[in-house]
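Novice: Have a look; sequence and predicted model below, questions after that.
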Amino acid sequence: MTRYELNVGNKTSTANSTVPTLPVAYELELHRLIELTAYLSAEKDGFRRSPLDYWLKAENEVQQFP
């Protein structure tokens, strides 16, 4: 759990966040893997579809790996 403070005017509010965060290096590597997978899929397909279609397909493919 991450704890942070929010300053609003003269009041300070403390809140707990239950959203898990990944290390930055992992997020960057995951992004690169999705990017490469999307590009290779688009290249194989002749770039006939929207880049978003390739990206979403690549996200699904990458997320299937443990």
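Specialist: Happy to help now that I have it.
Novice: Check which helix or strand the closest residue to Ala42 other than its chain neighbours maps to.
Specialist: Distances taken as C-beta to C-beta, 6 or more residues apart in numbering put Tyr54 closest to Ala42, at 4.4 Å, once the chain neighbours are dropped. Glycine gets a C-beta too; all of them are placed from N, C-alpha and C. Using DSSP states H and E, Tyr54 falls within helix 51-63.
Novice: Show me the contact partners of that helix.
Specialist: Helix 51-63 is touched from outside by 30, 33-35, 37-39, 41-42, 45, with contacts defined as C-beta atoms under 8 Å, 6 or more residues apart in numbering.
Novice: got these as TSV, with distance to Gln63 columns?
Specialist: As requested, these are exported to TSV (distance: C-beta to C-beta, whole Å):
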residue	distance to Gln63
Leu30	9
Leu33	10
Ile34	9
Glu35	14
Thr37	11
Ala38	13
Tyr39	17
Ser41	15
Ala42	18
Asp45	20
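Novice: For my notes, please list the residues you listed in TSV and give distance to Thr18, secondary structure and neighbour count for each entry.
Specialist: Shown next, in TSV, are those (distance: C-beta to C-beta, whole Å; DSSP: H, G, I helix; E, B strand; the rest coil; neighbours: other C-beta atoms under 10 Å):
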residue	distance to Thr18	secondary structure	neighbour count
Leu30	21	helix	14
Leu33	27	helix	15
Ile34	25	helix	20
Glu35	29	helix	14
Thr37	30	helix	18
Ala38	31	helix	21
Tyr39	35	helix	15
Ser41	35	helix	17
Ala42	37	helix	19
Asp45	40	helix	12
